[in-house]
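>>> next comes the sequence, and after it the predicted model I'd like to discuss.
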Amino acid sequence: MSLTRRELLERCAALALVRTAGPQRMDASQLDAAARRAADVISGYAAEGFHRTATKVDRASADRLMALARSAGAAPRLEPFDLSRLDPADAFLEIDGRRIEGLPMFDAPGTDRRGVAGAIGSIEGGGDRPIALTNVSPNAEVELRKVREGSRHRAILAVTTGQRPGLCPVNAAYFTEPFGPPVLQIGSEHLAAIERVAQSRGLVRVVAHSTRTPATAFNVVAEVHGTHAGLKPVCVMTPRSGWYLNASERGGGLAAWLEALRAVAAAQPQRTVRFVASSGHELGHLGLHSYLDRNPSLAGGALVWVHLGANIGASTGPTAMTCSDGRAEAAALRALAGYGIDDLPRTPAAQVGGEALTISRKGGRFISFIGRNAWFHNPHDTWPDAVDRQAVARFAGAVSDLTLALGDMAAD
């Protein structure tokens with residue numbers, strides 16, 4: 001097979017990056033210790049309550065993460081950002097003489113307390129009815145946006161269809177720019193009853209009434225300064241907010257973030273390594289945008305961003321990797337191989353999601369880890385059943401080694 005000059009240069013650069021630092025692989029006792037720390041981090045996080053942005057739980061969770069980061073050897077701080085917090089007041093579907101509790105879409109306008117009453121029909125074929133019915137998976141905000149933009153209904157009832165029964169909310173990617181008709185989300189266990197009423201042209205009432213409160217949320221940030229200040233920094237980011245307890249959705253990322261922070265603080269590599277655990281994830285990545293507003297050249301100016309996304313170490317699904325380029329992928333695979341997890345699924349850079357998508361859109365390089373999880377956005381995403389603590393420990397070790405290798409890479 002012949003290679004173009006560009007392909008040859010890319011492969012040589014990848015080999016140079018891999019050779020920059022050998023694996024620092026944790027031994028068995030260190031992995032056990034990492035698993036115990038992960039269990040403490042995730043069980044404590046899940047016990048805090050619902051981690052919605054700018055709530056009391058979100059602030060208490062930030063304070064605890066600050067304490068854990070200090071224990072890991074860093075000097076963390078809180079960086080605030082302001083928002084108009086949406087607080088659901090009345091959110092329910094009235095059907096067949098009973099009420100089913102729901103949750104408004106946080107990037108849609110609301111109803112008043114009386115709501116919208118009338119017949120309900122499929123959003124594709126029920127244009128003559130004031131209320132539209134649609135099904136949506138919890139990670140399908142792009143598809144739902146298309147439906148909402150094209151709707152002329154007075155309200156939409158969105159039945160969330162996760163892998164397990166329950167109300168699994170869709171993230172509010174457009175929180176600062178609400179659009180479309182009011183949307184009420186309802187758990188999938190009520191779908192059959194709703195479809196029966198729709199088929200009989202029965203009447204329902206949708207109420208999605210909320211209030212707004214000026215509020216402040218916080219990112220937890222830290223820097224470990226490198227020995228060569230002129231080199232591009234490495235950034236390690238993970239979201240820390242979400243809809244519910246988020247044991248497996250957010251817990252593995254937080255545990256790996258702390259392990260990488262611990263390793264870097266002890267080693268002090270050549271490059272500065274910047275850590276950010278952001279709030280506002282479920283609201284269009286508000287926290288990351290605030291962090292980038294404070295550091296406007298960082299998205300494209302960092303050597304690479306390591307993104308610890310959703311469901312790392314979840315007990316019900318694999319973790320996948322998406323990299324911006326071959327050099328980044330080679331470094332990541334080298335670190336993962338030390339823990340026997342380099343056979344993970346990989347997706348093309350064009351399919352990147354989460355906060356890494358924000359970095360990609362700003363021209364930055366990234367290594368993104370996001371997993372699958374049967375309890376994704378589900379109120380029963382709880383400790384310990386939803387988490388594989390040994391898998392979390394292996395990923396945490398690999399991410400620590402990867403961060404150290406990137407931090408000691410000599411050339412930009």
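Looks like it came in fine.

>>> low-scoring stretches of the chain, by residue?
When residues are selected by pLDDT under 70, those of the chain lie in 1-24, 125-127.

>>> how's it carved up into domains?
According to automatic domain parsing, the chain comprises the domains 22-83+215-407, 85-211.

>>> shouldn't residue 118 be within a strand?
Yes. Counting by DSSP: H, G, I helix; E, B strand; the rest coil, residue 118 is located in a strand.

>>> contacting residues around the residue lying closest to it once chain neighbours are set aside?
Nearest residue to residue 118 in three dimensions, chain neighbours excluded: residue 130, at 3.8 Å (Cβ to Cβ, 6 or more residues apart in numbering). Yep, even glycine has a C-beta here, placed from its N, CA and C like the rest. Listed by Cβ atoms under 8 Å, 6 or more residues apart in numbering, the contact set of residue 130 reads 116-119, 153-155.

>>> please repeat the previous calculation with a cut-off of 7 Å.
116, 118-119, 153-155 (Cβ atoms under 7 Å, 6 or more residues apart in numbering).

>>> and the helices in this structure?
In the chain, the segments counted as helices under DSSP state H are 5-19, 28-47, 56-71, 141-150, 191-199, 247-267, 286-294, 298-301, 326-337, 355-361, 389-407.

>>> looking at the ones you listed, which is nearest to residue 374?
The closest of the helices of the chain to residue 374 is helix 247-267. By Cβ to Cβ, the value is 9.2 Å.

>>> show me which residues of stretch 102-112 are buried.
Neighbour-count burial for stretch 102-112 flags 102-108, 110-111 (criterion: 16 or more other Cβ atoms under 10 Å).

>>> inside strands: which ones of these?
103-104 (DSSP state E).

>>> closest one of the buried residues of stretch 102-112 to residue 145?
Nearest to residue 145 among the buried residues of stretch 102-112, with distances taken as Cβ to Cβ, is residue 107, at 8.8 Å.

>>> any idea how far residue 150 is from that closest one?
With the distance defined as Cβ to Cβ, to the nearest Å, residue 107 ends up 16 Å from residue 150.

>>> would CSV of the helices of the chain with mean neighbour count and distance to residue 311 be doable?
Below are those laid out as CSV (neighbours: other Cβ atoms under 10 Å; distance: least, Cβ to Cβ, whole Å):
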stretch, mean neighbour count, distance to residue 311
helix 5-19, 13, 27
helix 28-47, 17, 12
helix 56-71, 17, 18
helix 141-150, 15, 17
helix 191-199, 15, 24
helix 247-267, 26, 6
helix 286-294, 20, 18
helix 298-301, 16, 24
helix 326-337, 21, 16
helix 355-361, 21, 14
helix 389-407, 26, 11
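
>>> tabulate those helices in a markdown table, adding columns for distance to residue 205.
Listed next are the helices of the chain as a markdown table, based on distance: least, Cβ to Cβ, whole Å:
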| stretch | distance to residue 205 |
| --- | --- |
| helix 5-19 | 59 |
| helix 28-47 | 35 |
| helix 56-71 | 31 |
| helix 141-150 | 20 |
| helix 191-199 | 11 |
| helix 247-267 | 32 |
| helix 286-294 | 32 |
| helix 298-301 | 45 |
| helix 326-337 | 51 |
| helix 355-361 | 37 |
| helix 389-407 | 44 |
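
>>> how about these, which one is nearest residue 318?
Proximity to residue 318 (Cβ to Cβ) singles out helix 389-407 among the helices of the chain, at 9.3 Å.

>>> would you mind pulling the contact partners of the closest one?
For helix 389-407, contacts defined as Cβ under 7 Å, 6+ apart pick out 20-21, 23-26, 31, 34-35, 38-39, 226, 234, 236, 252, 255-256, 259-260, 263-264, 267, 269-271, 273, 303-304, 306, 308, 312-313, 319, 331-332, 335-336, 338-339, 341.

>>> which strand in the chain has the most residues?
Per DSSP E, the chain has its longest strand at strand 203-224.

>>> turn the buried residues of stretch 102-112 into TSV, columns for distance to residue 93.
Below are the buried residues of stretch 102-112 laid out as TSV (distance: Cβ to Cβ, whole Å):
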residue	distance to residue 93
102	6
103	11
104	12
105	14
106	18
107	20
108	15
110	15
111	12
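
>>> what is the neighbour count of residue 223?
17 (other Cβ atoms under 10 Å).

>>> so it bridges to which residues?
Counting by DSSP bridges, residue 223 is bridged to residue 274.

>>> look up how far residue 408 lies from it.
According to Cβ to Cβ, residue 223 and residue 408 sit 17 Å apart.

>>> could you report the neighbour count for residue 55?
The burial count assigned to residue 55 is 18, neighbours taken as other Cβ under 10 Å.

>>> so who does the residue lying closest to it once chain neighbours are set aside touch?
Closest residue in space to residue 55, ignoring its immediate chain neighbours: residue 85 at 7.5 Å, by Cβ to Cβ, 6+ apart. Residues counted as contacts of residue 85 (Cβ under 7 Å, 6+ apart) are 54, 212-213, 215.

>>> repeat that for residue 111.
Contacts for residue 111 (Cβ under 7 Å, 6+ apart) come out as 155, 182, 206-209.

>>> I'd like the residues you listed as CSV, with distance to residue 92 and neighbour count appended.
Below are the contacts of residue 111 laid out as CSV (distance: Cβ to Cβ, whole Å; neighbours: other Cβ atoms under 10 Å):
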residue, distance to residue 92, neighbour count
155, 12, 26
182, 13, 25
206, 8, 29
207, 5, 24
208, 9, 29
209, 10, 18
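
>>> now, among those, which is nearest to residue 362?
Of all the contacts of residue 111, residue 362 sits closest to residue 182, with 32.5 Å by Cβ to Cβ.

>>> let me see the contact set for that closest one.
So residue 182 contacts 108-111, 116, 155, 208 (Cβ under 7 Å, 6+ apart).

>>> rerun at 10 Å
Contacts were defined as Cβ atoms under 10 Å, 6 or more residues apart in numbering; by that measure residue 182 touches 104-105, 108-112, 115-116, 131, 153-157, 206-210.

>>> residue 248 too?
When contacts are counted by Cβ under 10 Å, 6+ apart, residue 248 touches 42, 46, 310-317, 371, 373-376, 378, 381-388, 392.

>>> 8 Å instead?
Going by Cβ under 8 Å, 6+ apart, residue 248 touches 311, 313-316, 373, 375, 381, 386-387.
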